[in-house]
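Student: got a sequence here, can you model it:
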Amino acid sequence: MTTFYQSQLAILVSTCAIFVLLQRYLLRKAPQHGSRAENTAGSVAATKLTRQYLRVYGLAMGADWLQGPYIYSIYREQYGLSERMVALLFVLGFLTAGISAPAVGVWADQYGRKRMCMIFCVTYSCACAIIQVPSLPVLFVGRLLGGFSTAILFSCFESWLVSSANSLSLSSRDLSTILGHASFVNSIAATVAGVFSNKLVEYSSSFSSPFLASGALLLLNLVVIWASWTENYGGPSASVQELFNVRRLSEAWSVVCSDRRLFVLGLAQTCFEGSMYIFVFLWVPFLQEAAQPDQSLPLGYIFSCFMLSMTLGALLYNFIISLSQPTSPTDASTHDHTVTLHAKFSSAVCTASALAFVLSISTESERKRFWSFCAFEACVGMYYPVQGMLRGKLVPDEHRATLSSLFRVPLNVFVVVSLMTGVASARHFVLSACAVLLFLTALVTAASFLGRARTPPLASLRAQ
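Tutor: Okay, here's the model as predicted:
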């Protein structure tokens, strides 16, 4: 069966290469607006920011993905923990991320996004070192650090990028392109990490070796952030003693209450990313269930196929964006055009993800389940730039990291409750429930963004 997955990997690589060439062709053919000097200046600033961000983001996500294929296996197979205990360790990580998310957002806005990203590198590398110790209390400490680090990873990096883009007065198209490239780099990093981690495990005969490599990447990234990034902040500084700063959290909540679309963004993040994290826990036993008895699945190759599918989704996003740009970047309706387009994207991605889960549930074929999971990962590749762009247009900069972290609280509650109610023993029911939630999210997104008169984006109002 390894040969099958290797052939699928080759097909996905070829498909991605075709899309990359097609995208480059479209970019060369794209019309240029404004004066040559303006385009050159904007292009230089956008290119510099893209390089600064993608170097750091690629290393951070590569370090995270190195752990991905074997986080379940190291607990379950190498250390011999029960599936219930493995679920509890996963729950602890998500619970820590949910509890720390509001504080992480506030700290990033007040004390600096660059500083928090550097802290991420330190805490996550410590988590990689701790998982080498097969002691349950020590593993619990590692999950605490891992959960805290995850809260930083999925809020502070994007907040630094959007704030830097705003300070450079980059256009919506430039920001959208950077986010699309970030999703592409994320996918490539994950693909390489999957193959590399598979080889590490083969050579070392230990599921812990990818975590050592991850820790080394994180320490390298710490140096890169320190050397290449400048600091940026959200709101004004406050007392260091106010760790959770209820005042800023209250202000951020009032921002959400003032625009219903922000509620919908939070709902989409909870349902989609919650389904994604549950999928992370389920895909290995779900494929093993359909595989031949006593067959060892090549998890690294399968993981790389998933990540190439995510790459394909990111490339498809960039392809559609290049065909859907407004006629003029100075048009007054540019904001509405961008928000409406990405709302349609969001609704379509949730619908396609639900259909992929339905297909995986309705078949006992290992190959069909694998293909349906690849389709879901392609949706993940489109989801991140879509959601990032909607947050960039709707969320005010002074509360950007706080709101990004605040949105993760219900997400982590959703995942914790799901894992605690026995995900492993009810895999089909859980994926069915995720499919229903994703269908509902698609409908609510369409109704909220497309079914009523547009209101000006709050982020743009604050900037005026």
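Student: how about the contacts made by Leu437?
Tutor: By C-beta atoms under 8 Å, 6 or more residues apart in numbering, the contact list for Leu437 reads 271, 274-275. From N, CA and C alone the C-beta is placed, and that goes for glycine too.
Student: tell me the one of the residues you listed nearest Ala60?
Tutor: Distance to Ala60 across those (C-beta to C-beta) is lowest for Gly274, with 21.8 Å.
Student: quick one: the helices in the stretch 251-400 of the chain, in order.
Tutor: 260-290, 299-323, 334-361, 366-394, 400-406 (DSSP state H, counting those that start in this stretch).
Student: which of the residues in the longest one are buried?
Tutor: When you say that, I think you mean helix 260-290. 261-262, 264-279, 281-284, 286-287 (16 or more other C-beta atoms under 10 Å).
Student: what's the pLDDT at the residue nearest to Pro134 when sequence neighbours are not counted?
Tutor: Spatial nearest neighbour of Pro134, excluding adjacent residues (C-beta to C-beta, 6 or more residues apart in numbering): Tyr79 at 4.9 Å. pLDDT for Tyr79: 88.
Student: burial count for Tyr79?
Tutor: 18 (other C-beta atoms under 10 Å).
Student: next, it: phi, psi?
Tutor: phi -100, psi -10 (degrees, to the nearest 10).
Student: that one reaches Gln132, doesn't it?
Tutor: No - contact criterion C-beta atoms under 8 Å: Tyr79 and Gln132 do not qualify, at 10.8 Å.
Student: just give the nearest non-adjacent residue to Ile188, would you?
Tutor: Ile188's closest residue in space is Thr311 (C-beta to C-beta, 6+ apart), at 6.0 Å.
Student: equivalent analysis for Val138, please.
Tutor: Ile130 (5.8 Å).
Student: and Ala375, by the same measure?
Tutor: Ala375's closest residue in space is Ala356 (C-beta to C-beta, 6+ apart), at 4.2 Å.
Student: I'd say that neighbour and Val380 touch.
Tutor: No - Ala356 is beyond contact range of Val380, at 10.3 Å (criterion: C-beta under 8 Å).
Student: packing partners of the strand or helix carrying Ser183?
Tutor: Using DSSP states H and E, Ser183 maps to helix 172-204. Other helices and strands packing on helix 172-204, by 3 or more C-beta pairs under 8 Å, 6 or more residues apart in numbering; DSSP states H and E, are helix 36-67, helix 156-167, helix 209-228, helix 299-323, helix 334-361, helix 366-394.
Student: and Phe357, what does it touch?
Tutor: Phe357 touches 275, 372, 376, 431-432, 434-435, 438, counting by C-beta under 8 Å, 6+ apart.
Student: the same query, at a cut-off of 10 Å, please.
Tutor: 275, 279, 372-373, 375-376, 430-439 (C-beta atoms under 10 Å, 6 or more residues apart in numbering).
Student: which of the residues you listed are buried? Put it as a PyMOL command.
Tutor: Burial among the contacts of Phe357 is assessed by 16+ other C-beta under 10 Å; the matching PyMOL selection reads:
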select buried, resi 275+279+372+373+375+376+430+431+432+434+435+437+438+439
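Student: centroid residue for this protein?
Tutor: Taking C-alpha atoms, centre = their mean, the centroid of the chain lies closest to Tyr384, which sits 5.5 Å from it.
Student: ok, now which ones touch it?
Tutor: 154, 158, 179-180, 182-183, 186-187, 272-273, 310, 313-314, 317, 349.
Student: distance check, it against Glu231.
Tutor: 24 Å (C-beta to C-beta, to the nearest Å).
Student: Phe140: neighbour count?
Tutor: 14.
Student: quick one: residues contacting the residue nearest to it when sequence neighbours are not counted.
Tutor: Nearest in space to Phe140, with sequence neighbours left out and distances taken as C-beta to C-beta, 6+ apart, is Leu92 at 6.2 Å. Residues in contact with Leu92 (C-beta under 10 Å, 6+ apart) are 139-144, 146-147, 416, 419.
Student: re earlier: what is the nearest of the contacts of Tyr384 to Leu403?
Tutor: For those, the nearest to Leu403 is Glu158 (11.3 Å; C-beta to C-beta).
Student: good, wrapping up.
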